[in-house]
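J.: my questions concern the predicted model and sequence given below.
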Amino acid sequence: MNQLTAILEGIGSTVQLLFRAAFYTPTLWRQRARFIEQCYLIGYTTLPIVAILSFFIGSVLALQAGYSMSNFGAKQFIGSLVGLSMARELGPVMAAILLAGRVGSAIAAELASMKVYQEIDALETMNIPPARMLVLPRLAAVLVMMPVLAIIADLVGWFGGALISKYTQSIAIEPEAYFSVLRRFMEFKDVLNGLIKAEVFGFVIVLVSCNIGLNTRGGPREIGAAVTKAVVTSLILILVLDYFVTKALMHLQS
Amino acid sequence: MTCHPTRNPFTHSETAAVGVAVEGLSKSFGHFEVLKNVTFSVKPGEIFVLMGPSGSGKSVLLKHIVGLERPTAGRVTVDGRDAAAESTREQVRMALVFQSGALFNSLSVYDNLALYPREHRIANEAAIREKVMRALQILSLEGTANKAPSELSGGMKKRVAIARGLVMEPQLMLYDEPTSELDPVMSATIAEIIATLKEEYHVTSIVVSHDRELALGIADRVGILMGGELVSLGTPAELRTPRDPRVAEFLNPKIDLKHPRFKKLET
């Protein structure tokens, strides 16, 4: 029962925080320095690990596809399989999982320590709403950077798949053939679909992490607990939302 | 160490000190009652010192005045407005000097002080710079402007926190233990600053402190909080001859080696 009320309270305070931050949207222009700093932290510093992971995801997809598809002589379609999987599913989900681990945890830790060491209280007495100064720039930054991360994840994944397809002896498909199949079976809406998902995941991760950080109570030990909670909640939400957003997008496009 | 500003960089022309009224305030955390039916008022421009043993609810009381906590029962008003309402903070400029300082660790000392005027677009950068440097100078902190809060000692952090309050040009300034962790000279300096702000700029000050010298030296009135209750309220002169034995012992604890207090507790 207590856990249920805690979950409902969490949802309530997250929605409240969203409205508070949205209310201050007009102040974004004069907070542009903070916005750019957050773009750097959320986008640029997450990029290398997104690229590395996507490369290997693309590679292993090609490897597995080659193994199973060559049994019935369909290995020339590897390009479309890797292409669609990366764009519609794995690119956005992997980028979101890394964002949760890298950015969600950092946000929760920073805001939780500000809360524990009374910096949030100080902001409130100075009549500087934390939703305006701390939450809004982060939300705006993730909205801008998340599609970029997802596109890079897609591209690097496709490239990884192409490389493996060429150099694995049992597959041995030239990149020209790989990419021509990829283009034949993919449409722009597949990529767009993935970008919308990435945008939803990124926004939710940052919002939830901010809320968990700001609602930390107690001493330094709670900072660690807040980080764990932010990452775990983000991961669960990514996978649950993944199903529903995919379903909703399919419904809209049909 | 000089601390008498020769001119007045810390007031708006429209600044007016505000009064605070605490009426029947009670606060419980779970089953633990921290404040019990506390009533007092602070007049505009007054220096009110709140004393009491550790854990008597002084800091919680301060948090109610700035609206960080909501009363379980009773009411706190600042300038006639409900302290718990968010709009009060927009209409009344209040500065709270936290016991720990509560400096923004990600910002330099200079940016900590400049945050308030920048966020509220009170002045241009040149004017902000002048105000910030003036506040740092008053508290002998000129050399720390570009340092990070983590590089400062405990006492310096406290002074930076006071400087950050000064830059806000508040109508109501609250201090939570401003002189703990400071050496005697710096304590006296802080006491002088608090008194100067009152005399020159007509700011209302509420000071939570254990410091008897400070209370008797600068307070207009002193309230003593014990176990969540206000047990004494009066001028420093009245406090020199306290009627309540608990207050008398709190203000003049004799170190009695023949009958130590901790042994009395055991029997």
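T.: The structure has been received and is ready for your questions.
J.: the closest residue to residue B:43 other than its chain neighbours and residue B:65, how far apart?
T.: Counting by C-beta to C-beta, 6 or more residues apart in numbering or on different chains, the nearest residue to residue B:43 once its immediate chain neighbours are dropped is residue B:19, at 5.5 Å. From N, CA and C alone the C-beta is placed, and that goes for glycine too. Separation of residue B:19 from residue B:65 (C-beta to C-beta, to the nearest Å) stands at 11 Å.
J.: now swap in residue A:149 and tell me
T.: 46 Å.
J.: tell me what whichever strand or helix holds residue A:99 is packed against?
T.: Using DSSP states H and E, residue A:99 sits within helix A:91-99. Helices and strands touching helix A:91-99, by 3 or more C-beta pairs under 8 Å, 6 or more residues apart in numbering or on different chains; DSSP states H and E, are helix A:47-69, helix A:136-167, helix A:188-214, helix A:221-253.
J.: now the last one against helix A:188-214, angle please.
T.: So the one you mean is helix A:221-253. Using axes from the mean of the first three to the mean of the last three C-alpha atoms, to 10 degrees, the interaxial angle of helix A:221-253 with respect to helix A:188-214 works out to 160 degrees.
J.: can you point out the buried residues in helix A:221-253?
T.: Residues of helix A:221-253 classed as buried: A:222-223, A:226-227, A:229-231, A:233-235, A:237-238, A:241-242, A:245-246, A:249 (neighbour count, 16 or more other C-beta atoms under 10 Å in any protein chain shown).
J.: what about residue A:32, neighbour count?
T.: For residue A:32, the number of neighbouring residues by other C-beta atoms under 10 Å in any protein chain shown comes to 11.
J.: could you do residue B:255 as well?
T.: With neighbours defined by other C-beta under 10 Å, the count for residue B:255 comes to 6.
J.: part of a helix, is it?
T.: No - counting by DSSP: H, G, I helix; E, B strand; the rest coil, residue B:255 is located in no helix; its state is coil.
J.: which one's more surrounded, residue B:19 and residue B:65?
T.: Counted by other C-beta under 10 Å, residue B:19 and residue B:65 do not tie: residue B:65 has more neighbours, with 23 against 16.
J.: roughly how far does that one sit from chain A?
T.: Taking C-beta to the nearest C-beta, to the nearest Å as the measure, residue B:65 and chain A are separated by 10 Å.
J.: next one: residue B:234
T.: Distance, residue B:234 to chain A, by C-beta to the nearest C-beta: 29 Å.
J.: pretty sure that residue is touching residue B:222, no?
T.: Yes - at 6.6 Å, residue B:234 counts as touching residue B:222 under the criterion of C-beta atoms under 8 Å.
J.: what parts of the stretch 51-200 of chain A come near chain B?
T.: A:110, A:113-114, A:117-119, A:121-122, A:124-128, A:133 (C-beta under 8 Å from any C-beta of the partner chain).
J.: and the residues you listed as TSV, adding secondary structure?
T.: Written out in TSV, the entries for these read as follows (three-state DSSP):
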residue	secondary structure
A:110	helix
A:113	helix
A:114	helix
A:117	coil
A:118	coil
A:119	helix
A:121	helix
A:122	helix
A:124	helix
A:125	helix
A:126	coil
A:127	coil
A:128	coil
A:133	helix
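J.: looking at the residues you listed, which is nearest residue A:166?
T.: For those, the minimum distance to residue A:166 (C-beta to C-beta) is 43.9 Å, reached by residue A:110.
J.: who's in contact with that closest one?
T.: With contacts defined as C-beta atoms under 8 Å, 6 or more residues apart in numbering or on different chains, residue A:110 is in contact with A:213, B:106.
J.: and it, what's its pLDDT?
T.: Looking at residue A:110, its pLDDT is 96.
J.: re the thing from before, which of the residues of the stretch 51-200 of chain A next to chain B count as buried?
T.: Using 16+ other C-beta under 10 Å, the buried ones in those are A:110, A:113-114, A:117-119, A:121-122, A:124-128, A:133.
J.: as TSV, those with distance to residue A:7 would be great.
T.: TSV is the format used below for these (distance: C-beta to C-beta, whole Å):
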residue	distance to residue A:7
A:110	24
A:113	24
A:114	24
A:117	27
A:118	27
A:119	27
A:121	26
A:122	30
A:124	26
A:125	31
A:126	32
A:127	32
A:128	30
A:133	28
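J.: report how many residues lie close to residue B:23.
T.: For residue B:23, the count of nearby residues is 15 (other C-beta under 10 Å).
J.: just give the nearest non-adjacent residue to it, would you?
T.: Spatially, and ignoring its direct neighbours in sequence, residue B:23 is nearest to residue B:75 (4.9 Å; C-beta to C-beta, 6+ apart).
J.: how about the strands in the stretch 101-250 of chain B?
T.: B:172-176, B:204-208, B:221-226, B:229-234 (DSSP state E, counting those that start in this stretch).
J.: pLDDT of the last one, averaged?
T.: The pLDDT scores in strand B:229-234 average 88.
J.: what is it packed up against?
T.: The elements that strand B:229-234 packs onto, with contact taken as 3+ C-beta pairs under 8 Å, 6+ apart, are strand B:32-42, strand B:221-226, helix B:245-251.
J.: what's the first one in contact with?
T.: Here strand B:32-42 makes contact (C-beta under 8 Å, 6+ apart) with B:19-28, B:48, B:57, B:60-61, B:64, B:73-74, B:204, B:206, B:221, B:223, B:225, B:227-230, B:233.
J.: next: the second one.
T.: Strand B:221-226 is touched from outside by B:38, B:40, B:42, B:46, B:48-53, B:56-58, B:61, B:215-216, B:230-236, B:239, B:246-247, B:250, with contacts defined as C-beta under 8 Å, 6+ apart.
J.: can you rerun that using 6 Å?
T.: Defining contact as C-beta atoms under 6 Å, 6 or more residues apart in numbering or on different chains, one finds that strand B:221-226 is touched by B:40, B:48-52, B:56-58, B:215, B:230-233, B:235-236, B:239, B:247.
J.: apart from its neighbours in sequence, what residue is nearest the residue nearest to the spatial centre of chain A?
T.: Among the residues of chain A, the smallest C-alpha distance to the mean C-alpha position (C-alpha atoms, centre = their mean) belongs to residue A:96, namely 2.2 Å. What sits nearest to residue A:96 in space, not counting adjacent residues and going by C-beta to C-beta, 6+ apart, is residue A:201, at 3.5 Å.
J.: same thing with residue B:214?
T.: Of all residues not flanking residue B:214 in the chain, residue B:191 sits nearest, at 4.6 Å (C-beta to C-beta, 6+ apart).
J.: let me see the contact set for the closest residue to chain A within chain B.
T.: For chain B, the nearest residue to chain A under the criterion C-beta to the nearest C-beta is residue B:102, separated by 3.9 Å. Residues in contact with residue B:102 (C-beta under 6 Å, 6+ apart) are A:118-119, A:122.
J.: which pLDDT value belongs to it?
T.: For residue B:102, pLDDT reads 92.
J.: re earlier: how about the helices and strands packed on strand B:229-234 in CSV, adding distance to residue A:183?
T.: Shown next, in CSV, are the helices and strands packed on strand B:229-234 (distance: least, C-beta to C-beta, whole Å):
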stretch, distance to residue A:183
strand B:32-42, 68
strand B:221-226, 76
helix B:245-251, 83
